[in-house]
Every structure is written in C-alpha cells, then in structure tokens.
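[1] Here is my input, please return the structure:
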Amino acid sequence: MFALNASPFQLAVCAEMVFLDLPFVERVKRIHQAGFAVEIWDWTQKDIDALAATGARFTSMTGYIDGNLLDDDQIGRLLESAQASIEVAKRLDCPSLNLHGTGLDKQGLPIKPLSEVTGAMWIRAYKTLCEIAKLGERHQKVFLLENLNTQVDHPGTPFARVQDTLTLISAVDSPWLKMNLDLYHAQIGEGNLIELIRHSAPYIGEIQVADVPGRQEPGTGEINYPAIANALYAIGYRGVVGMEAWASGDSNKAIERFLRAFSVR
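    Alright, predicted model coming up:
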C-alpha cells in the first residue's frame with residue numbers, strides 16, 4: 001500500500017501498461033491493492049464480472065468499440081458502441097468513458113486517416129459530440145475526448161491537438177463531455193504544458209501522464225511532473241490523474257515514482 005494521502009489528486013494507473021507478466025485481472029488486483037484506481041482500454045476482450053469482483057475503483061475506460069465522428073454510417077456505429085460501453089461502465093461503476101477524434105486500430109493508427117480537416121468536418125464532429133453528450137447525460141456518465149500526438153503515435157488522426165479537442169468541447173459546452181488532457185501527447189505535439197493546463201482548466205475531466213521520450217512513468221524523461229502537479233493544484237484541479245505509461249522496469253517502482261511526482265509539497 002502506497003501513501004496516497006500524500007497526493008491531493010485521485011491517482012489511477014492504466015492496467016494495460018504495467019505488471020505485464022500477470023493476467024489482466026491480476027494486474028487490476030495488484031493496482032487496487034496498492035491503493036490506486038484503475039483504468040482500462042478496450043473492454044470487449046475482458047471478463048467484466050471478474051473485473052467487477054476485484055473491488056477496484058475504475059475511473060475511465062474506452063467509450064466506444066468502432067465508428068467515428070464524421071461519416072454517416074460510422075456515426076451511428078459510434079453512438080451504438082458508446083451505448084454498449086455505457087452498459088459495461090455501469091457494471092464497473094466507472095464514471096468516465098474515453099473517446100478519440102476518430103476510430104483507432106489495435107496499433108493506435110486511425111482506421112480512416114485524414115490529411116486535412118474541412119469546415120464541414122468540424123461541424124459534423126460538433127453535432128456528433130452533442131449527441132454523445134446527450135447520451136452521457138441520460139446515463140449520468142461523462143465522455144472524455146482525448147488529445148493525441150500525430151508525430152509519433154497516431155499520424156493521420158483528426159482533431160488531435162489540445163486546441164482541437166478544446167474547441168469542440170467548449171462548443172458543445174456540456175458537463176457530460178470533458179477533455180482527457182494527455183500530457184504525454186501534448187508534450188510531443190505542442191509543449192508549453194503548464195499554459196495548456198491553465199488555458200484548458202474549465203474543461204478538464206481527467207489528466208493522463210507519461211514521460212517523453214519513451215512513454216514511461218514520470219521521472220524517466222524530460223517533463224517536470226512535480227511542476228505540473230503544482231500547476232494543477234494551483235488551478236484547483238483535484239480530479240483524476242491517470243498514469244498511462246509503460247513501466248521502465250519494475251512496475252511497483254514505476255507507480256511509486258508516479259506517486260512521488262504528484263505529491264504536492
């Protein structure tokens with residue numbers, strides 16, 4: 001058990017990226033036993049009853065199976081799969097569901113990459129996200145739109161930059177659609193993280209972290225995460241900070257470093 005009272009934030013660890021030598025349910029148990037909340041990705045290949053039985057607190061999960069924000073046939077699939085995801089989130093008592101600017105394959109690449117986003121596409125994405133927000137409101141679940149980087153991990157993804165996600169979320173202006181501000185992606189694509197945090201403050205629903213380069217735990221790269229923690233504290237943020245990072249070595253040591261980085265002094 002780690003001393004989580006040292007952090008003012010709700011700290012969560014992505015079970016997809018740590019304790020990789022263990023079966024998935026055992027990873028969740030290990031994170032939970034350490035005192036952290038748990039985040040998961042695609043739920044379709046997981047034993048949801050077994051996950052629920054762990055007693056873990058789940059803070060976010062992938063909120064769709066397929067579909068995208070732009071194409072007529074894909075919008076319907078997105079809304080249907082978001083509804084299916086909500087039903088799973090209810091079983092896990094998970095409050096937040098994650099979305100991206102488009103559907104991604106198992107390698108994180110867009111199923112339909114775009115080199116240009118037109119004005120009509122912006123309008124279509126806005127209207128789709130309005131429907132997503134209404135769906136969240138009906139079921140009391142918050143959808144999170146995550147920024148991504150297109151330089152390293154997700155080339156061809158539309159609406160990927162922080163300013164893109166912020167523009168869409170602020171236009172919808174619903175408490176049921178917030179930003180998942182992923183600082184790993186933002187550092188690669190934009191930098192100036194503390195100003196991004198201050199600018200995005202009213203719309204942040206979750207913060208996700210990993211260091212750059214390498215997408216490993218805080219303290220392994222160039223991002224000054226203790227300064228980030230102080231900036232978050234200063235704007236009054238007390239919500240979820242999720243470590244979505246590969247362990248550079250021992251997973252217990254990785255999550256301990258994460259805790260140290262987000263223990264505001």
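
[2] What residues sit buried inside the host helix or strand of Arg91?
    According to DSSP states H and E, Arg91 maps onto helix 72-92. Across helix 72-92, burial judged by 16 or more other Cβ atoms under 10 Å covers Gln74, Ile75, Arg77, Leu78, Leu79, Ser81, Ala82, Ser85, Ile86, Val88, Ala89, Leu92. (Glycine included, C-beta is placed from N, CA and C.)

[3] hang on, the second one packs against Leu69?
    What it means is Ile75. Yes. Ile75 lies in contact with Leu69 (Cβ atoms under 8 Å); the separation is 6.9 Å.

[4] Mutual contacts of these two, please.
    Arg124, Thr128 (Cβ atoms under 8 Å, 6 or more residues apart in numbering).

[5] related to what we said a few turns ago, of the buried residues of helix 72-92, closest to Tyr237?
    Ala89 (22.6 Å; Cβ to Cβ).

[6] pLDDT wise, what is that closest one at?
    Ala89 carries a pLDDT value of 98.

[7] in this protein, which spans are helices?
    Along the chain, counting by DSSP state H, helices occupy 24-33, 48-53, 72-92, 119-139, 162-172, 183-189, 193-200, 225-234, 251-261.

[8] Can you list the helices and strands that the last one packs against?
    The reference is to helix 251-261. When contacts are defined as 3 or more Cβ pairs under 8 Å, 6 or more residues apart in numbering; DSSP states H and E, helix 251-261 sits against strand 10-14, helix 225-234, strand 240-243.

[9] What's the separation between the closest residue to Gln151 other than its chain neighbours and Met121?
    Among residues not flanking Gln151 along the chain, Ile188 sits closest, at 5.6 Å (Cβ to Cβ, 6 or more residues apart in numbering). Distance, Ile188 to Met121, using Cβ to Cβ, to the nearest Å: 23 Å.

[10] Between the two, which is the more surrounded one?
    Higher neighbour count among Ile188 and Met121: Ile188, with 19 against 16, using other Cβ atoms under 10 Å.

[11] residue contacts, the residue sitting nearest the centre point of the chain?
    The chain has Asn180 as the residue nearest its centroid, 5.0 Å off, counting by Cα atoms, centre = their mean. Applying Cβ under 8 Å, 6+ apart, we find Asn180 in contact with Ser60, Ser96, Asn98, Leu144, Leu145, Glu146, Asn147, Gly205, Glu206, Ile207, Gln208.

[12] again, but for Arg238
    When contacts are counted by Cβ under 8 Å, 6+ apart, Arg238 touches Pro8, Phe9, Gln10.

[13] Next, count neighbours for the closest residue to the last one other than its chain neighbours.
    What that stands for is Gln10. Using Cβ to Cβ, 6+ apart and skipping residues adjacent in sequence, the residue nearest Gln10 is Val240, 4.6 Å away. The number of residues packed near Val240 is 22, by other Cβ under 10 Å.

[14] Also Glu146?
    Neighbours of Glu146 under the rule other Cβ under 10 Å: 21.

[15] Kindly report the same for the one 4 residues further on.
    Neighbours of Thr150 under the rule other Cβ under 10 Å: 18.

[16] And for Gly219?
    When neighbours are defined as other Cβ under 10 Å, Gly219 has 18 of them.

[17] Chain neighbours aside, what residue packs nearest to it?
    In space, and not counting its chain neighbours, Gly219 is closest to Arg257: 4.5 Å by Cβ to Cβ, 6+ apart.
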